[in-house]
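Visitor: model the structure of this input:
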Amino acid sequence: MDLGHDLSRAIVFDAMYAGELSFSRRRSTRDLDGVDLAVVGIPFDAATSNRPGARFGPRAIREQSSLVGCYPWGPWPWDHNVFERCETIDYGDVTFYPGYPERMVSAVVEHVGRLVESGISVLSFGGDHMVAYPLVDVHARRFGPLSLVHFDAHTDTWAMGDDLNHGTVFFLAAREGFVDPARSIQLGIRTPNPDPLGFEIVDADMLLDAGAEAIAARVRDVVGDRPVYLSFDVDFLDPAYAPGTGTPVVGGPPTHLARRLLRGLEGLDIVGADIVEVSPPYDSGQITALAAATLAHDILYLLAAARAARTT
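Guide: Numbers count the residues shown, from 1 in each chain. Alright, predicted model coming up:
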């Protein structure tokens with residue numbers, strides 16, 4: 001096919017470095033007619049406690065997604081292309097005036113809430129982990145109190161009153177009743193927290209010793225058939241695999257184990273998800289953004305499977 005000087009259809013000849021910057025070359029639109037899945041960026045890092053830069057995360061994930069999603073049959077090892085079964089769009093970024101966490105919260109509730117209320121399954125890209133607070137809010141409004149499956153090096157359940165930061169996100173979510181700690185689980189934790197608030201914790205040593213299949217089975221036992229919100233902080237991964245993040249912690253899992261663990265969750269009623277804390281200024285060779293883009297594809301498969309199960 002002769003495209004001349006028009007690179008808008010660069011994917012035709014596998015030019016991953018050219019063409020439109022949307023997630024996995026999906027249609028960039030805010031038209032929700034017939035849409036099943038949507039990705040949304042939340043470029044916010046005003047609630048981080050250490051290294052900033054996660055506001056650039058959504059763009060970096062989109063950039064690397066063209067490499068992950070360049071195969072018409074879908075990424076390895078999935079046996080189909082999720083985009084052939086689900087109409088998937090890139091909804092763009094939620095916009096808000098920078099420097100005001102409260103404005104970010106209200107903007108996410110408005111914009112992502114519109115998608116969720118339309119029956120669309122949403123995967124959001126952070127941004128720091130504070131973006132998950134309004135995200136679990138809008139999903140709880142539709143589905144009721146959620147079971148949280150949380151991948152992270154940190155519990156993010158620090159009790160600090162009404163403070164909005166990425167270390168208080170699930171303290172606030174539990175306090176407001178958006179998530180049910182007794183039916184939720186946190187994976188890969190390797191930092192102390194004096195009060196886990198009733199969340200079940202699988203620390204990094206337990207995870208690495210037991211393996212992906214055993215931990216996936218434990219997740220199923222904890223959440224059962226309840227609606228699940230999946231939140232993936234990229235610092236769940238060891239810094240060797242994800243250096244580009246705000247608060248890296250050594251001793252974590254490799255990317256391979258993370259992917260196997262995610263695939264082991266297929267069949268859970270996952271109603272929404274995020275992947276957060278990609279900070280490109282600290283990345284090396286874009287390996288963190290590439291990992292996040294790959295994991296994002298895996299999560300879309302989980303969202304699609306859950307949608308299919310709910311309609312049968």
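Visitor: which residues in the stretch 51-200 of the chain form helices?
Guide: 57-68, 82-85, 101-117, 132-143, 169-175 (DSSP state H, counting those that start in this stretch).
Visitor: looking at those, spot the one closest to residue 156.
Guide: With distances scored as Cβ to Cβ, the stretch of the helices of the stretch 51-200 of the chain nearest to residue 156 is helix 169-175 (4.8 Å). All C-beta atoms are positioned from the backbone trio N, CA, C, and that covers glycine.
Visitor: report the distance from that closest one to the chain centre.
Guide: Taking the mean of its C-alpha atoms, helix 169-175 sits 18 Å from the chain's own mean (Cα atoms, centre = their mean, to the nearest Å).
Visitor: can you list the weak-confidence ranges in the chain?
Guide: Along the chain, segments meeting pLDDT under 70 span 1-17.
Visitor: hey, which helix is longest across it?
Guide: Ranked by residue count and defined by DSSP state H, the top helix of the chain is helix 287-310.
Visitor: and it, what's buried?
Guide: Of the residues in helix 287-310, those with enough neighbours to count as buried (16 or more other Cβ atoms under 10 Å) are 287-307.
Visitor: ok, stretch 246-261 next?
Guide: For stretch 246-261, the neighbour count (16+ other Cβ under 10 Å) marks 246-249, 252-253, 255, 257-261 as buried.
Visitor: name all residues that make contact with the closest residue to residue 81 other than its chain neighbours.
Guide: Counting by Cβ to Cβ, 6 or more residues apart in numbering, residue 74 is the residue found nearest to residue 81 once chain neighbours are left out, at 3.7 Å. Residues in contact with residue 74 (Cβ atoms under 8 Å, 6 or more residues apart in numbering) are 80-83.
Visitor: okay, and which of the buried residues of stretch 246-261 map to helices?
Guide: Per DSSP H, the subset of those in helices is 255, 257-261.
Visitor: what number of residues are in the vicinity of the closest residue to residue 148 other than its chain neighbours?
Guide: With Cβ to Cβ, 6+ apart as the criterion, residue 148 has its nearest non-adjacent residue at 3.9 Å, and that residue is residue 184. Taking other Cβ atoms under 10 Å as the criterion, the count of residues near residue 184 is 26.
Visitor: and residue 184, how far from residue 45?
Guide: In this structure, residue 184 lies at 25 Å from residue 45, with Cβ to Cβ, to the nearest Å as the measure.
Visitor: swap in residue 251?
Guide: Noted for residue 251: a distance of 24 Å to residue 45, by Cβ to Cβ.
Visitor: how about residue 141?
Guide: Applying Cβ to Cβ to residue 141 and residue 45 gives a distance of 25 Å.
Visitor: likewise for residue 231?
Guide: Where residue 45 is concerned, residue 231 sits at a distance of 16 Å (Cβ to Cβ).
Visitor: name the element residue 213 belongs to?
Guide: helix 212-223 (DSSP states H and E).
Visitor: export that helix to CSV, keeping only CA atoms.
Guide: The C-alpha trace of helix 212-223 is given here as CSV (Å, rounded to 0.1, in the frame of the first residue of the first chain):
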residue,chain,number,x,y,z
ALA,A,212,1.7,-16.6,40.7
GLU,A,213,-0.8,-19.5,40.6
ALA,A,214,-1.1,-19.9,44.3
ILE,A,215,-1.5,-16.2,45.0
ALA,A,216,-4.1,-15.9,42.2
ALA,A,217,-6.0,-18.7,43.9
ARG,A,218,-5.8,-16.8,47.2
VAL,A,219,-7.1,-13.6,45.5
ARG,A,220,-10.1,-15.6,44.2
ASP,A,221,-10.8,-16.9,47.7
VAL,A,222,-10.8,-13.4,49.2
VAL,A,223,-12.9,-11.6,46.6
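Visitor: buried residues in the next helix or strand after it?
Guide: Tracing the chain past helix 212-223, the next element assigned as helix or strand by DSSP H and E is strand 228-233. Neighbour-count burial for strand 228-233, counted by 16+ other Cβ under 10 Å, picks out 228-233.
Visitor: repeat for stretch 233-240
Guide: Residues of stretch 233-240 classed as buried: 233-239 (neighbour count, 16+ other Cβ under 10 Å).
Visitor: export those as a markdown table, with columns for secondary structure and distance to residue 179.
Guide: Output for these, formatted as a markdown table (DSSP: H, G, I helix; E, B strand; the rest coil; distance: Cβ to Cβ, whole Å):
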| residue | secondary structure | distance to residue 179 |
| --- | --- | --- |
| 233 | strand | 15 |
| 234 | helix | 20 |
| 235 | helix | 20 |
| 236 | helix | 18 |
| 237 | coil | 23 |
| 238 | coil | 26 |
| 239 | coil | 27 |
